[in-house]
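Engineer: need a structure here:
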Amino acid sequence: MSLQLIKSATACLVLTTAMTFSAQVQAHGGLSLADDVCKLTIGPFTMHFTGYQPDSTQEKEFCEDIPATGRTVVALDYIEEALRPMPTEIRVIRDAAGDGGLTVDEKNLGPITVLHLPPKVYNNGSITFEHNFSQPGKFVGLVTINDGEKEVLSRFPFAVGEPKKTSPALMGGIAAVIGAVAVFFFLRRPRKTGSA
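Structural biologist: Presented below is the predicted three-dimensional model:
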């Protein structure tokens, strides 16, 4: 096997692993990490999302899943000025079905709601709320804005206090990269030549 072929195979495996990780990030619905800033997409608008757990992780921010149970502070900051006059509603529900809230009856959210901020205009462009998650589990955040003509909803599933699971595809990609590197170094090592 030529050295160039091994290098090409290794590059392909690294790229595949990176793409798999990228697909995992997109599984968080309207939430994405771009340029080290967590953004929540609501139709044509975006908000900056930041979460903290001051009792357990002090000032460390999180963007997606909440690392532990306990007191959690979330800040949503409008990126576009056009959002300021629009009423915004925040709701956090338990993800009982485990499908990211896709099959939820949106007319009957009361029994599964753990936090609700009714529609309100936030003229300062910032929404901050606090909630004590007493049990680990899966949840869905719902952010709804009303532009005067229609309501626009963004939903983002997240977990609280659950260990991060690594997908089999990602683990397979990592194993393939490690295997390719091992083969590369095995083929590069000098061979002993000698006569008996």
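Engineer: what stretches of this structure score poorly on pLDDT?
Structural biologist: Scanning the chain for pLDDT under 70 picks out the ranges 1-37, 164-173, 175-177, 179-196.
Engineer: now the helices: where do they sit in it?
Structural biologist: Assigned by DSSP state H, the chain shows helices spanning 3-25, 168-188.
Engineer: list the contacts for the residue nearest to residue 140 when sequence neighbours are not counted?
Structural biologist: In space, and not counting its chain neighbours, residue 140 is closest to residue 101: 3.5 Å by Cβ to Cβ, 6 or more residues apart in numbering. Where C-beta positions appear, they are placed from N, C-alpha and C, glycine not excepted. Counting by Cβ atoms under 8 Å, 6 or more residues apart in numbering, residue 101 touches 93, 95, 140, 142, 155, 157.
Engineer: I'd guessed the second one sits against residue 140; true?
Structural biologist: Yes: Residue 95 sits in contact with residue 140 when judged by Cβ atoms under 8 Å, with a separation of 5.0 Å.
Engineer: neighbour count winner among these two?
Structural biologist: residue 140 (22 against 19; other Cβ atoms under 10 Å).
Engineer: Tell me, how many residues neighbour residue 158?
Structural biologist: What residue 158 shows, counting by other Cβ under 10 Å, is a neighbour count of 21.
Engineer: any idea how far the closest residue in space to it that isn't next to it in sequence is from residue 163?
Structural biologist: Nearest-residue entry for residue 158: residue 65, 5.2 Å, with adjacent residues in sequence omitted and distances by Cβ to Cβ, 6+ apart. Applying Cβ to Cβ, to the nearest Å, the value for residue 65 to residue 163 is 10 Å.
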